[in-house]
Every structure is written in structure tokens, then in C-alpha cells.
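> how would this look folded up:
(2 chains)
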Protein chains: 2
Amino acid sequence: MTKHVRVLFAFLACAVLVAAGSPVALADEGMWTFDNPPVKQLREKYGFTPTREWLDHVRLASVRFNDGGSGSFVSPDGLVLTNHHVARGQLQKVSSREHDYTHTGFYAATRDEEMKCPDLELNVLVSMENVTDRVLAAVKPGMSDEEALRARKARIAEIEKESLDATGLRSDVVTLYHGGEYWLYRYKRYTDIRLVFAPEDDIAFFGGDPDNFTYPRYDLDMAIFRVYEDGKPIRSPAWLRWNPAGPKAGDLVFVSGHPGKTDRLYTLAELEFLRDYSYPVRLDVMRRMIETLEEYAAEGPEQRRQATGMLFGVRNGLKAYTGEYEGLLDERLMEKKRKEEEEFRAKVMSDPGLRKKYGDAWDLVDRWLARAKERMAEFRWRRLPWSRMAGTALTIVRYVEEIEKPDGERLDGFHDSQLDSLRFRMFSPAPVYPEMDERLAVTFLEIAREQLGDDDPFIRAALGGKTPEEVAHELFSKTRIGDPDFRRKLVEGGREAVAGCKDPLIAWARKLDPFLREVTKWHEEKIQSLQTIAGEKLGRARFAVYGKSTYPDATFTLRLAYGTVKGYPMNGTQAPPFTTFYGLFDRSLSFDRQPPWALPERWNGAEKKLDLATRLDFVSTCDIIGGNSGSPVIDREGRLVGLIFDGNIESLVGRFVYDERTNRAVAVHAGGMIEALRKIYHADALVKELLQR
Amino acid sequence: MTKHVRVLFAFLACAVLVAAGSPVALADEGMWTFDNPPVKQLREKYGFTPTREWLDHVRLASVRFNDGGSGSFVSPDGLVLTNHHVARGQLQKVSSREHDYTHTGFYAATRDEEMKCPDLELNVLVSMENVTDRVLAAVKPGMSDEEALRARKARIAEIEKESLDATGLRSDVVTLYHGGEYWLYRYKRYTDIRLVFAPEDDIAFFGGDPDNFTYPRYDLDMAIFRVYEDGKPIRSPAWLRWNPAGPKAGDLVFVSGHPGKTDRLYTLAELEFLRDYSYPVRLDVMRRMIETLEEYAAEGPEQRRQATGMLFGVRNGLKAYTGEYEGLLDERLMEKKRKEEEEFRAKVMSDPGLRKKYGDAWDLVDRWLARAKERMAEFRWRRLPWSRMAGTALTIVRYVEEIEKPDGERLDGFHDSQLDSLRFRMFSPAPVYPEMDERLAVTFLEIAREQLGDDDPFIRAALGGKTPEEVAHELFSKTRIGDPDFRRKLVEGGREAVAGCKDPLIAWARKLDPFLREVTKWHEEKIQSLQTIAGEKLGRARFAVYGKSTYPDATFTLRLAYGTVKGYPMNGTQAPPFTTFYGLFDRSLSFDRQPPWALPERWNGAEKKLDLATRLDFVSTCDIIGGNSGSPVIDREGRLVGLIFDGNIESLVGRFVYDERTNRAVAVHAGGMIEALRKIYHADALVKELLQR
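Here you go, the predicted model:
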């Protein structure tokens, strides 16, 4: 799954793209917002009509992991179920040279033993309000594109702040249908999250990178947290009862979670842009990052431990992007897109009213694509290196400046409604790995210099006549940014303290920030402004032509998917709907127990303890993508029957097109989780809590 | 595997095609003749040099199943190991409405219980002699193409008869490198073959048609016969010791067996002919046969029992041909072929001597392809229906006529050296299924009429103004051809008895034979004559350019393949080198034990008896194809470590091109067989005999 990638590679993505028309969703397709569930499809295909109570229950039991995943409440006392690979970041942060919980797993038999996460924020979507008219009304006739963009942004900030002040809830105006609609989503935030259970990564991620994004699978990719407030477990706003029997083949199931990003509504021109300008570079850069991290990891066990999480993330991203790229290279897929677009465009153009209002949208897309190509390398490489420490330094430099401005004029990410979450991350006590960040910074600077040239002003500023090695070593060997107290004191000192700060990383971020701001401003004014207008036009044209019969592209907001537990044609035969513990031992032995198919120590002899016929993983036609990791799989009765952790290799093209024939969501089975918790981990108290009625 | 298909569909193949140049074999590629083993490759890649003793031992332990498969001696007392699906024809023939051994399996705990097969002939290759010069010397300067063909044929028949008379051994002159070489192969024939062991088809063919030609697999596709002579088990000419430990991943292994047909040396023009004229029709016809057989099978359990074997064969063929056809449609594959051919042709054309001798070969190919297209439908459809009974009737009609001619002038199949095997089949006491043959005849006649038209003289003769239903019913409801005594008496009566015979099937075969002879004659004189010359030229040109550094296309003669036990990239991940019994239970349960993944009754509870970690199947890079089914997998020490039963889906394109990256031979593991024989079948006496030293 692409979880980490979404976070890591947001900055690699050049010129984020906008929307285009597409016909009505068919089959089990769709990542539906909770205000517009696929009622018709569910009734006609499955004879099921979700009630408002059912929908509210599922929504309030759904949890967003803000660093890029999903989860659900599974007990009245705040237990939250997600994937091991979603928990991976926090597992790494609570680990040390002495205790590597990622590798050994963790179980707190009592509440006292539950282990607090340094900087994990969970959100629950408590209300949704359509604010499209208010946002659009901010734009007055006669405004230039840039003025319109600023006016819209200011209005959004205003709506968010107003809501925050009134409710105290995190308030985000989210853009759906690429500007077809704007919604105010209010979230309850939780920041005292404690780890209750995680298995060893060798069983959670059994099969490693080779088996990632494939099926049949045999992974126990689970982790369990508990949410606290005021030092006590919360009363969950809603929670899913556990159904260890799980679903039968052919059963209707649902997935409620936070798909990160799909590009299904893109115009053909945008897809071609991705194919020709974006993916080849991304893939190349990821390969170089992997090389750097592998070299670092090879230096010793501690280096390996530090690099493990990021290596997982980048390899995961490389595999996902490779699959997506193959989709873009697939002529049949592009032909399908071409045909859909031609139909949609013909419908718009043949109606004089629609043509007048929306007909120029495709030209706008062409315009911003042309502009994006002009400054591609600068937009891509005038950035800070891949480093949490460097990112934190930049956040501090900007924070002290931005908060002095009126809310509507601030950089994205620094609005009032976002500050609590931002400060939570900025002051995180999580450990940092300066040696690893230094290596990555060298690779980043080498690539940036190759791409921009020695004479680029940004490169000259970043290197100051030195080599990437010299610069990176100076920055990361001497910075105190890893110390939370240092950060807190610096921020308390405000603009003046930051301006005078001699810390090399702070000073470097200060020096480079103007370049970054300039390129961001260019992107907003020249690219985003056109994108937004084109997106709004295409989104509204789609409603006019097809009605609101479809779902918006994924935006890491809460969505409901539905589908059937079902195998699929694979490699000349059928992939089965389920796998069992038998298959886990088969696959491990098939490879002579060699990594990544070696089982953890605790699993030696497990074949004698487990009921091997118990189902371990299963697939369904539910339409998901990276960000859905950790989502609950839910039955008609609203019970938990599984835990999404992956998509099959055929699902990667789902970034652009959903194909029910082969696209499958891969989940851990509710019964398999209980079997392992009981027989392998002896987590009896936890099982008791999970199975309460 | 394509075992049955080779036999069933020989008559569907239009205009059998000939050879073209191709460069030196690389990697683990090749189906090598025992006179020319890949010594260089084995030494350089594996540090192994097979001795003459090693090669003779392996050759003499290898057995050909004349109805289309391979096997090996595995005990000093004549035990022969092969696949269940190779034994399937005989299992069907020894079965009845009351005892369906295909389905229930069979085990003879004592020799008395061993069950005689009605018409199984096994051959062992006891000697090989290069007779190229003798064959080519038959062709004198100034002969026309047709005269040359006849002279060549007469010389071959003469060599065969001479050898038969001198040695009493079955003597076949085989054409290798499409005429580059002719060899006299002498076989020891065995016709008293008794069944010792076969498992249930649900475990032998676990996963059925979906899993056929795929991997990972969990099949126990084995059967064991014993060879008798004079009422006593023979002393095996050579036999393979059983190595139940099997091979390790990465080990060098060999396969000795009888690959049926590859088309790797075809010219591009011939491949295009297959792609455009041959495969689409074949595939369509097979689908219609399957429909007919499925309808028949649906009528009741006895019909299902009768149809099972043929359904297996045709479905198997459809899947194989589909994979091959996809290869032909693959532009990259065709491009590779094009490049190879261009290089080869350029080398021939740039050397004046070669150009003069061989340069017109490609034009000859073009000429016969053009001729073949002219009478394609007639060649394809002027045949008898798919029916063993109809085939037997035609054999009788021809036999009494042909044996009166000098040997060299007879139809192929009726030469002296072939008569023993022919009579063995002609008088087989195996049961016949007239109702099933009737259905198939209706479908055949319908297609033939569609393809040839109502006014085609053959169609008019075959139908005589009636419908296909009427004709087929009359033929099969009244014929006595199913009775071996009737056949024997008729043949004893000679030409006169056959000419006066009123049996409807005999009379029909008599009436249609002239049409069939005419089209055969046309094919020999107009097509085969050119094919042979073109083939010889291309074959000899290849030797001139590349030396005898390569292997001939498969011809159902004994070959040696070699390779490594090794997984491969599959569907986004790795396929493992081995599978285990754990995987068998996983896959069965994954599909809720639904057919074709249901286990036989006897296997219920087997998970408690078996050591589930025992290896069941494995893959190697050995280069095989249909006809290799039942071949032993042999280690450096000449011991049996596995039993070939399939190729993976990626191997189907191996008909035209071998790709070491993904082409894999699938085998049952020597240890898995012993484990099942012991714990499930309690075949202790058999195991003891197999494991003797």
C-alpha cells in the first residue's frame, strides 16, 4: 500500500493535477462520501439500503491516522485497530537501539503497560457541511485568476476559523470533485494515543517487498492502539463489534477509510503529462533513495534499524508507482480514457449553455500544463532534502513568520485551524537519525545539482561553493534540531530568536526559504489558479451532464467503498477469495524459510498450536487505494470482519481506472487475527475486550 | 500439458510446417538428442560432464508411452512411473459404469492384483544410427520434387524394414532438424503393461482446468505400471534409483522424455501462417467440441464418466493453444523471430556457396504456404469425425488394401515396421462409447458442412442427402466396430470381406476413403515435397552457419533437457521453487473445498497423518513441452528426484521461444510421492520396491 509514500513523496509530485469528466460509476466501483452513499447500486445489486444510523455508526467508528492511514474503534474503551505498517512510524519512534519494537512486536497485558506514542494524531469526522456556495461567492466578476484564487483561499480560511472558534473542532474545508464541491469537515482530534499490540514485522509484512501489493497473501498486518484523553481511555464515539466468523465468499462488505489520492477524473492531457514528465523522474529518484538507504543500512544493525521504516516506505512507493506507470503505458487504458473524454466533451460542446460556461476547461488545462513544463525542474528540486529534521527546521522558520499574518494570507498549513496539529508535530519528542538524514541529503543535493545545474541560484545558495557531502555533514552533525526543548525555546523566542539562531539547519532553512516561497507563489498564481478554475468547470460540467451519480477522486477524506468477497482470474488460474494459516507455512517452507519468508521466533512450532484451517487473509472487490491501509472491512450488520492492508498488483492501475474483474482489496481476516492473538501472543485480555458484545 | 492434444488434434493441424534457421541455444534451453548432449553448456555452467554410461543409463531407463507421454523404469522388476494424466486413457479403458478407476484410484498390493491395460504400448530407445547419407542418396539429380519425395520415402521404408528384419526391434527413421538429419531409432516394444497404482483424479489433477498449466501447484499427478513379458515382470533394461530427499533449490537437474512438438525453427512466414490461418480455427473448433462434450456429460453420471477423459484432453489443448496463440500475437516475440531470421538469412545470402545451395529455401516456404492456402478447408475438413470407432473403421479399410502393396509404396503408418503397433491398436479390447462418438460426429459434420459448403463432393458423399444427426445416428447406433472379434474376423477376410461388409461405419469409411486419399496425396505431392526440400536446405544451412551447436525441434523422440530448480518472477512477486502439503490444504480451503479444489474422500483428515512440511511439487528451468508429461527429473547421480507433469502458463509460448526467466517445468517431488504412498495409500510393498538400493 502507498501509505508512507503519500507523505514522503508529496514533494516529488510535480504540479498537482486537476479533474476531468468521466461517466457514471458502475460495478463495485467508487470511494463514496458519506453524504452521497451509493444507495442505488447497493439496493439494486445487493438488496441493501444503509440507514442513516448505519452510516453514522460506521463514520464515527472510523479513524484517520494523520500520517497517512486509516483505522477503526473496536471497543467501547478506545481501542483502535489499524495495520502494523500504519503503526510502523510510531513503532520506530518508540524504539531505540536497545528495544526494536518494529521487529520484536509489543503487547501490553495491562493498561499500565500501554506505551504512549510521541506524535500520533488521530481524527474522527464528526460533521460535514456543504459550503460550496459560500466559497464560490468569494469570487467576484472581473477578478483576475490570481485574485480569484486568493479570494477563494481567504474565504476558506475564514470558514475554517469560524468553525474552529465555534466548535473547538479541527475544521477543514475540503475540495471534492476537483472544485465541483467544497465541504466543511469537522474532526475530533486525539493526540494521546498508546500502543497496545503489534506483532513482529516478519509476520505483519510476511513476504516483504516481493509479496507487497500481491495476493494470495498470508500477513498479520495489524496493530492496536488505545485512545486516551486526560490520562484516561476515552469512551469511543462509536465502535465496531468484532465478527470472528468473518464473511463468506460472495458476501457484501464495506470499507470505511481514507483513500489518499486517485487520478480517475484527470483529463487525457494530464495523464499524458504524468506519463511523460512525472513518473519517469519519480521512479528514478526513488531508486536512488533506495540505494542510499541500503548502503546506510548495510553499515550495521543500528543503521539497519533506523533505515528500515523509510526503506519500507520508499520500496512500497516504488512498487506502487511502477504499477501505476505501467497503467499509463498501457495503450488500452489510455484508449478507454480517450473515449470517455471524447464522449463527455462532445456532450458539453453540443449544448450551447454548457459550452459557454465550461467549454474552455480543456484549454485551461493545456495552458497550465504548458506553464508547468516551463519551470518543471525548479518546482521539483527547489526543495529541502528528504529529512524530517530539515522539514522541522523549515516549519519553525516559517511558523514564527506566518502566525503574525492575518489567517487568510498565510501559507497553506499555517491557518489557525491547522496550528494545533502543526505544533503537535513540530514539538514531537520522537528520536531523529541525523546520520541517515545526512546521507539522504547528499543524494538529494547531488540530484538537485544535476537537474538544476551548478549556476542555479538555489543550488549556489544551498551549497555555498561546497560539495554536497561537506554541506550535509555540517548541517546534520552540528544541528540541535533533534532536541524538542531547543525547538520549543526557539519558537517561544519568535521571529527575532529564529532570525538570530546560529543552528546550521535553521540558518540553512532561513537562507533557502525565499527560493521555496517564490516557487510556491509561482505555482499558486500560475498553475493552481488555472487548475482550480479548470477543475471547477470540469466538475460542474460533469454534474450537469451525468448528475451527482459519481464519487469524487480520493483526497484523504473519509470514504465508503463496497463490494463482494471474491477471487479473480490470475496468472492463468483463479486467485481464491481466502487464504488460511496452512498457506502461511506453505509459503515460508516453499522458500526454505529464507527472508522475507522467514517466520519470527515466536512462530516456531506455531503450526502445532494454531487451527491451521482458520482464514488469515481475504480479498474483496472494494475500491481502495493507499491511505485506506488500516480501514475496517464491515458487514451488513456493521460488524468488523476484516482489516484492509493492501491491494493486489492488478489494483495499482486503480489510481486511474477501476476494473472489477481483477482489482482487489486485500484484508486480514477477523478470525485470523483472533486466532493469532490467542494462540501465539496469549493476548487474552485484549481478545476479551475485542470480543465483548 | 498437451499430451492428449497431440494425439487428438494431429488431424486439426493444417499443413504441418517445416524448419527455419535460429542461432545457438543459450541458457538452460534445449531438448537435446542423446547423440548430441549439451556437453559444453553443462561443463561451463554447472561443472558437470555426463559420461557415456550416465547417458546410456538415463536413456535405457526412459520409456515412451506411445499414446503421447513419457515415463521411466523405477525398479529392477519393470515398475514404470508416469503421470496420472498419461495413464488416464488406460484408466478410462479399464473402467466401467461400475468401477471408475480414474476417479477412485487403484492400488494393487500384490502382483496378482495388477490390472492389464487393453492397448498400452511402451517403447524404449535401444539404439540410434545416423542414416542421413543413405536417405539423401536416394534422391537423384533431375528428379522432380514429387519423385524425390517418393524416392526418399521408399528409402526410409527400406531402411526400417531391413532393421526390423535384422533385429526384430521397432525401427523408425526419424527426421531431425526438419530434414537436416535422418536417424534410425530402434525401440524395444512392450505391450503387456499392468496398472499398479493410480491416485484419485481429484488429487492427481487437483485444481482442474483452472490450475492446469499454472504454478504454484499441489498435484499428485502420478501413476505406476509394471511391464510384463511372457506373463512375468521384466528385468528392467535400466532403472532410476529413487531419491526421496529430492533436489535443493539451485540444484542441477535433468529431464529425459519425449517432447511432442515445438516450432522453434519455423520461419517467420510459417509462424504468421499459424497465427492467421491455423490457431483461430483450431481454438474455435476446440470450443465447439467442449460444448458438445459438456452437453453430453450433463445427461447423467455414466455420460460424465465417458466424457471425462476427452474433456480433459480438449480443455487441456484449448488452454495450451490459447497460450501459444497469445505468443504468436505478441509483437515482441515476433520481432525477436524476425531479427533472428534476418541475421541467419543475411549470413546465408552473403556467402556465395551457401546462397547457391540454400538461398531459395525461403522462396520454397512461400510457395508451399501459398499452395496450402488454396485447399485449406478441404485439407482440414475432408477427414473422419473425432471418434476412435470411426478411426478404427478407416484403419481396417486401408489395412487390407495397403498390406498388399510393396512396403515403400504404402500410406504412412502401414509400413512393415509399423504393423505390430498398428495391429495392437486395431484389435484393442478397450470399451467404446458410441453415443458419445455420435454426438461428436454431429458437431464435426456440422462444422465440415459449414466450412466446405453443401455442394462439396465430400460433404455430399458423407451426408448422402441426410442431416448430420441422421447420418451420425445410423453410423454409431448400428455399427459392430466396438466388438474386437468382429474386427479381427473382418481383417482376416481381407479385401473381399471388407469390400462386402455392410457395417454402416465400415461402409462409410470405404465410401469416404478416396476423398481422404486424394487430399493426402495432394498434401504429399504439393506441400510436403516442398516442405521437405525447404526443411533440408534450412537445416543444412543452419549447420553450415552455426555448426551442430543447437538441438532439433521436438518430434516425440527421446530428448535430454537440463536446468536448475528455481522460482521465477510471477504476478508482481516470486513463485517459490517448491510447494508443500501445507499448500494443498490451504488451496483447498481457500476455495471452501469446492471443485476442482475438493479433495478425495481418502484425503479427509490426511492433514493429521502427513508431515505437511514435505515437498509436494517443484519447478525447474528444464525445457519441456507436451509429450514430456511423465518424464523423470534426474539428479547428477542419475537418481529420480521428481516427475514432470506440467509447464507453467509462461511456458506455453515455449512452443516458439524458450525464455529462461519465466519458463518452468512443473514436477511432483520424489519425497511427496513417497509420503502420500505411505501415509494415504498405505502402499507399503510398492514403497519398499521403489526405495530399494
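> now for the helix or strand residue A:474 falls within, which elements pack on it?
According to DSSP states H and E, residue A:474 maps onto helix A:468-478. Helices and strands touching helix A:468-478, by 3 or more Cβ pairs under 8 Å, 6 or more residues apart in numbering or on different chains; DSSP states H and E, are helix A:434-452, helix A:504-522. All C-beta spots, glycine's among them, are computed from the backbone N, C-alpha and C.
> doesn't residue A:143 fall inside a strand?
No: counting by DSSP: H, G, I helix; E, B strand; the rest coil, residue A:143 is located in no strand; its state is coil.
> that one: how many residues sit nearby?
For residue A:143, the neighbour count with other Cβ atoms under 10 Å in any protein chain shown is 14.
> skip the chain neighbours and tell me the closest residue to it.
Leaving aside its chain neighbours, residue A:143 sits nearest to residue A:151 (6.4 Å; criterion: Cβ to Cβ, 6 or more residues apart in numbering or on different chains).
> wait, the one you found touches residue A:142, no?
No: using Cβ atoms under 8 Å, residue A:151 makes no contact with residue A:142, being 11.4 Å away.
> any idea what sits nearest residue A:251, other than its immediate chain neighbours?
With sequence-adjacent residues excluded and distances taken as Cβ to Cβ, 6+ apart, residue A:251 is closest to residue A:565, at 5.0 Å.
> doesn't residue A:617 make contact with that neighbour?
No: applying Cβ under 8 Å, one finds residue A:565 not in contact with residue A:617, separated by 11.3 Å.
> which residues are in contact with both of those two?
Common neighbours of residue A:565 and residue A:617 (criterion: Cβ atoms under 8 Å, 6 or more residues apart in numbering or on different chains): residue A:578.
> name the residues of the stretch 251-400 of chain A found near chain B, please.
Within the stretch 251-400 of chain A, the positions lying close to chain B (Cβ under 8 Å from any Cβ of the partner chain) are A:319, A:323.
> quick revisit: contacts made by the helix holding residue A:474 with the rest, please.
A:385, A:387, A:389-390, A:434-435, A:437-439, A:441-442, A:445-446, A:449, A:462-464, A:466, A:503-505, A:508.
> let's see that with 6 Å instead.
A:434, A:437-438, A:441-442, A:445-446, A:463, A:504-505, A:508 (Cβ atoms under 6 Å, 6 or more residues apart in numbering or on different chains).
> and the helix or strand following it, what's buried?
Once helix A:468-478 ends, the next helix or strand along the chain (criterion: DSSP H and E) is helix A:484-492. Neighbour-count burial for helix A:484-492, with 16 or more other Cβ atoms under 10 Å in any protein chain shown as criterion, is recorded at A:484, A:486-487, A:490-491.
> stretch A:247-260 now?
A:247, A:249, A:251-260.
> repeat for stretch A:83-103
In stretch A:83-103, counting by 16+ other Cβ under 10 Å, buried: A:83-95, A:100-102.
> got it, and stretch A:600-618?
For stretch A:600-618, burial by neighbour count (16+ other Cβ under 10 Å) applies to A:600, A:603, A:606-607, A:610, A:612, A:614-618.
> so which of those residues are in helices?
Per DSSP state H, helices hold the following members of the buried residues of stretch A:600-618: A:606-607.
> is it possible to get CSV of the buried residues of stretch A:600-618 that adds distance to chain B?
Compiled in CSV, those are given as follows (distance: Cβ to the nearest Cβ, whole Å):
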residue, distance to chain B
A:600, 18
A:603, 14
A:606, 12
A:607, 7
A:610, 12
A:612, 7
A:614, 9
A:615, 8
A:616, 9
A:617, 10
A:618, 9
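> and the residue nearest to residue A:251, what are its bridge partners?
In this entry, residue A:565 is beta-bridged to residue A:620, by DSSP bridges.
> next to chain B, which bits of the stretch 551-693 of chain A? Give me the list.
Within the stretch 551-693 of chain A, the positions near chain B by Cβ under 6 Å from any Cβ of the partner chain are A:571-574, A:576, A:578-580, A:582-583, A:585-586, A:589-591, A:613, A:649.
> got the end-to-end distance for stretch A:597-614?
20 Å (Cα to Cα, to the nearest Å).
> who touches that stretch?
Contacting residues not belonging to stretch A:597-614 are listed as A:200, A:202-203, A:580-582, A:585, A:587-588, A:591, A:671-672, A:675, A:679-680, B:589 [Cβ under 6 Å, 6+ apart].
> just stretch A:486-498 next, same as before
Applying Cβ under 6 Å, 6+ apart, the contact partners of stretch A:486-498 are A:396-397, A:400, A:427, A:480.
> hmm, residue A:135 is touching residue A:153, no?
No: look at residue A:135 against residue A:153 with Cβ atoms under 6 Å: they stay out of range, at 9.6 Å.
> between the two, point out the one with more neighbours.
Set residue A:135 next to residue A:153 and count neighbours by other Cβ under 10 Å: residue A:135 wins out with 24 against 21.
> that one: what secondary structure?
With three-state DSSP as the basis, residue A:135 sits in helix.
> how about the closest residue to it other than its chain neighbours, what does it touch?
Nearest non-adjacent residue to residue A:135, counting by Cβ to Cβ, 6+ apart: residue A:182, 4.2 Å away. Applying Cβ under 6 Å, 6+ apart, one finds that residue A:182 lies in contact with A:131-132, A:135, A:173, A:175.
> then the helix or strand harbouring residue A:182 to PDB, C-alphas only?
Using DSSP H and E, residue A:182 maps to strand A:181-190. Extracted as PDB, the C-alpha positions of strand A:181-190 are listed here (Å, rounded to 0.1, in the frame of the first residue of the first chain):
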ATOM      1  CA  GLU A 181     -17.900  21.000  -4.400                       C
ATOM      2  CA  TYR A 182     -16.400  22.400  -1.200                       C
ATOM      3  CA  TRP A 183     -17.300  20.900   2.200                       C
ATOM      4  CA  LEU A 184     -16.500  21.800   5.800                       C
ATOM      5  CA  TYR A 185     -15.300  18.600   7.600                       C
ATOM      6  CA  ARG A 186     -15.100  18.900  11.400                       C
ATOM      7  CA  TYR A 187     -12.900  16.400  13.200                       C
ATOM      8  CA  LYS A 188     -12.500  15.400  16.800                       C
ATOM      9  CA  ARG A 189      -8.700  15.300  17.300                       C
ATOM     10  CA  TYR A 190      -7.000  12.800  19.600                       C
END
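> partner strands of that strand and their direction?
In its sheet, and by DSSP bridges, strand A:181-190 pairs with strand A:122-130 (antiparallel), strand A:170-176 (antiparallel).
> if you count neighbours, what's buried in stretch A:472-482?
Buried residues in stretch A:472-482, defined by neighbour count with 16+ other Cβ under 10 Å: A:472-476, A:479, A:481-482.
> and of these, the nearest to chain B?
Within the buried residues of stretch A:472-482, proximity to chain B (Cβ to the nearest Cβ) peaks at residue A:472, which comes in at 35.2 Å.
> compare residue A:151 and residue A:142 (neighbour count), which wins?
Remark: of residue A:151 and residue A:142, residue A:151 carries more neighbours, 17 against 7, as counted by other Cβ under 10 Å.
> local confidence estimate at the more buried one?
For residue A:151, the model assigns a pLDDT of 94.
> tell me how far it lies from chain B.
47 Å (Cβ to the nearest Cβ, to the nearest Å).
> which of the strands paired with strand A:181-190 is buried the deepest?
strand A:170-176 (a mean of 22; mean count of other Cβ atoms under 10 Å in any protein chain shown).
> understood, closing this out.
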